[in-house]
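Chemist: Compute the structure for the input listed below.
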Amino acid sequence: AFLLTLTLTVCGSVLSSAVFPLGALNIYQSLAIFRALVGFGIGGEYPLSATIASENSSAEYSGRVMAAVFSLQGVGTLLGAFVPLLCLACGASDEFTWRFSLGFGACPGLALAYFRLRMEETRQFRVRRRNIVASLGAKADNRILILKTALSTPAVLHALAGTALSWFLLDVTFYGNSLFTADIVSDMGFDKGGLDLALSSFIIACIGYPGYLFTVVLIDRVGRKRIQWTGFFMLAALFATMAGFYQHFRTSKSAFFLIYGLTFFFSNFGPNATTYIIPGEIFPPEIRATCHGISAAAGKIGAAITTFFFLAFRDVAGLHIFFVFCAAVALDGLIITIWLIPTYDAEILRQAQEGLLNSYHRHDDGYQLAQDEKEEEPIFRPSERSQHASFDSTHGDLGVANSVTAALGSYVQHVLYGSSPTERAYDDPGAAGERMVDALLVSGVESKHGEIRQSVN
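Modeler: Residues are numbered from 1 along each chain as shown. Below you'll find the model as predicted:
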C-alpha cells in the first residue's frame, strides 16, 4: 500500500507533464484524468502520513513530529511557486513552463522511493495486531464491524463531526484562495504578465510558509484546539478587512500582499495544520486512519465546491463579496472548533496511551489472557507482573498509505533522535492503572459474548 500512492502520484505527475489528446478527449480533459491520478495518490497519503508520524513518536513529540511532517506541504507550495517563476525568468515558453512544473511534482516521490521501499509496519501496529487476533480470532479482520461499532458511539461521532466539518470549512477558504491566487491578483489589478503573476504567487507563498514553523514550535505550548480556533478567528478578521477596504487594497499592492499573505500564514499556523494533526491523535486506534481519511475527504469536498463555484461567484457577485463569504466560512469554522473539537495536550496523550494498557499489554514473551469473573468470554487484562508499556496502534484499518513527506519526516526523526521516541517509550515503565482519559477517544476493542465491544471514555 505504501507503494500504491507513490506510484499514483509519480505516474500522474509524469503523465500530466506529457499530456496529449486521447481520442475524443481534448488536452484539458486528458489533463483532468491524469491530475485525478495525482489526486487519488495524494488523497491516500493524507491519513497514513498522520498515523505513521503519530505511531513513530511518543506523546511528548507527537504534535511536533506531525506538524513537522505536515510543514513539508509548505515546502511543496514554495517549490510549486518557485519552479514556474524560475522557468519564466530564464525565458522558457509558457508551454514548457507548465509541463515542466507538473512533471517536477514527480521528483520528490522518486527521490524518496528507496525509503518507501524499506518501510514496514510500525512496532505499535504489530503488537496491537497480535493482541486483537488473539482476542477476536477471525473477527479481527472484520474492519466493517469494527468501524460500525466504533461509529455507533456518540463520542466518536461527535469528534468525527468536528474534525470533518473543520477540515471542510478550512478547505473552502484555503483552496478557494490558493488555487486562484493568480486570478485574485489579476482581479486586484496587479497582473503585468505571466512572470509577474509567478512572482506574486511566490511572494504570497513566502509569507504563508512561516506559519508551518510556528505550529511546529508552539503546538504543545499553545495547544491544538487553541491554535485552530485562533487561526479561524484571524482568517475571519483578515478576509473581513479585505472586503471592507477592498478599494483601498486595489491601489496599494504592498498592503494587499501583506494582508492576503497573512491569510495563508494563519491558515498554516492554524486550521490547515491542526485539521491534519487532531484526527491523527484523538480517535480509537482501530479506526484512526479511517476517521482521518473521512475528515480529509470532507475537506476535499469543500475544496471541490469552492473550485467549481469560484469563477461564477466572482463574476456574479464580485471579488469583495467572495472575501465576505470566506470570512463567514471562517467564523463557522471557529464555532465548530469550539463546539466539537476536544481539548487535550501531550500529557493527556501520554496518560491515554498508558491507560490503553487496561485492555492490552505485553507480558514476558507473549500476551496474557485473564478470565473476567463477570464475563463469559476471556478478555485482555493487565498483568501485575508487567513492567513495560506498549502504545496503541493507529493504522490497523482501511487507510491506504503514508505520505512521501512522512517517510522523510521519519528519516529525519531517526537522524535527530537515533532511536525513535516510540522505541524509547516502549522501554519506559508504564502505569497500567484503571483510569482512561476522558478528553480523548482512545480505547481498546474487547470480546464480549462473541461480539465486538468498543469502550470509549
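Chemist: alpha carbons only for contacts and neighbour counts from here, please
Modeler: Noted.
Chemist: which non-adjacent residue is nearest the most centrally placed residue in the chain?
Modeler: Closest to where the C-alpha atoms of the chain average out (CA atoms, centre = their mean) is Tyr276, at 2.9 Å. In space, Tyr276 comes closest to Ala50 once its chain neighbours are excluded; the distance is 7.1 Å by CA to CA, 6 or more residues apart in numbering.
Chemist: and the one you found, what helix or strand is that in?
Modeler: Using DSSP states H and E, Ala50 maps to helix 27-55.
Chemist: Which other helices and strands does the helix or strand hosting the residue nearest to the centre of the chain contact?
Modeler: For Tyr276, the host element (DSSP H and E) is helix 271-277. Secondary-structure packing of helix 271-277 (3 or more CA pairs under 8 Å, 6 or more residues apart in numbering; DSSP states H and E): helix 27-55, helix 59-89, helix 154-178, helix 224-244.
Chemist: at 7 Å what do you get?
Modeler: helix 59-89, helix 154-178, helix 224-244 (3 or more CA pairs under 7 Å, 6 or more residues apart in numbering; DSSP states H and E).
Chemist: would TSV of the ones you listed with mean neighbour count be doable?
Modeler: Listed next are these as TSV, based on neighbours: other CA atoms under 10 Å:
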stretch	mean neighbour count
helix 59-89	21
helix 154-178	23
helix 224-244	23
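Chemist: With mean pLDDT added, can I get the ones you listed in JSON lines?
Modeler: Formatted as JSON lines, the helices and strands packed on helix 271-277 follow (pLDDT from 0 to 100):
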{"stretch": "helix 59-89", "mean pLDDT": "91"}
{"stretch": "helix 154-178", "mean pLDDT": "91"}
{"stretch": "helix 224-244", "mean pLDDT": "96"}
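Chemist: Would you mind saying which of those lies nearest Ile321?
Modeler: helix 224-244 (6.8 Å; CA to CA).
Chemist: what is the rounded mean pLDDT of whichever helix or strand comes after that closest one?
Modeler: Per DSSP H and E, the first helix or strand lying C-terminal to helix 224-244 is helix 246-251. Regarding helix 246-251, the rounded mean pLDDT is 86.
Chemist: What residues of the very next helix or strand once past helix 246-251 count as buried?
Modeler: Next in sequence after helix 246-251, counting helices and strands by DSSP H and E, comes helix 253-268. Using 16 or more other CA atoms under 10 Å as the test for burial, helix 253-268 gives 256-257, 259-268.
Chemist: Contact partners for Phe257?
Modeler: By CA atoms under 7 Å, 6 or more residues apart in numbering, the contact list for Phe257 reads Ile204.
Chemist: How about Cys326?
Modeler: Contacts for Cys326 were tallied using CA under 7 Å, 6+ apart; they are 173, 239.
Chemist: what does the one 10 residues further on give?
Modeler: Listed by CA under 7 Å, 6+ apart, the contact partners of Ile336 are 162, 166.
Chemist: need the strands for the stretch 251-400 of the chain, in chain order.
Modeler: Here the stretch 251-400 of the chain has its strands, by DSSP state E, counting those that start in this stretch, at 369-370, 379-380.
Chemist: number of nearby residues for Ala273?
Modeler: By the criterion of other CA atoms under 10 Å, Ala273 has 28 neighbours.
Chemist: Counting neighbours, what do you get for Glu120?
Modeler: Neighbour number of Glu120 under other CA under 10 Å is 9.
Chemist: Quick check: the residue nearest to Tyr276 vs Pro279, distance?
Modeler: As defined by CA to CA, to the nearest Å, Ala50 lies at a distance of 8 Å from Pro279.
Chemist: Which one of the two is surrounded by more residues?
Modeler: Taking other CA under 10 Å, Ala50 and Pro279 do not tie; Ala50 has more neighbours (32 against 27).
Chemist: tell me the pLDDT at the more buried one?
Modeler: 82.
Chemist: What score does the residue nearest to the centre of the chain have for pLDDT?
Modeler: Looking at Tyr276, its pLDDT is 94.
Chemist: Also Val324?
Modeler: Looking at Val324, the pLDDT reads 93.
Chemist: What is the burial count for the nearest residue to Val83 once chain neighbours are set aside?
Modeler: Spatially, and ignoring its direct neighbours in sequence, Val83 is nearest to Ser101 (6.2 Å; CA to CA, 6+ apart). By the criterion of other CA under 10 Å, Ser101 has 22 neighbours.
Chemist: Surely Ser101 and Pro84 touch.
Modeler: Yes. With contacts counted by CA atoms under 7 Å, Ser101 reaches Pro84, the gap being 6.1 Å.
Chemist: re earlier: pick out the shakiest of the strands of the stretch 251-400 of the chain, pLDDT-wise.
Modeler: Among the strands of the stretch 251-400 of the chain, strand 379-380 scores lowest, at a mean of 26.
Chemist: before we move on, the earlier item: the helix holding Ala50 vs helix 59-89, what angle?
Modeler: 150 degrees (axes from the mean of the first three to the mean of the last three CA atoms, to 10 degrees).
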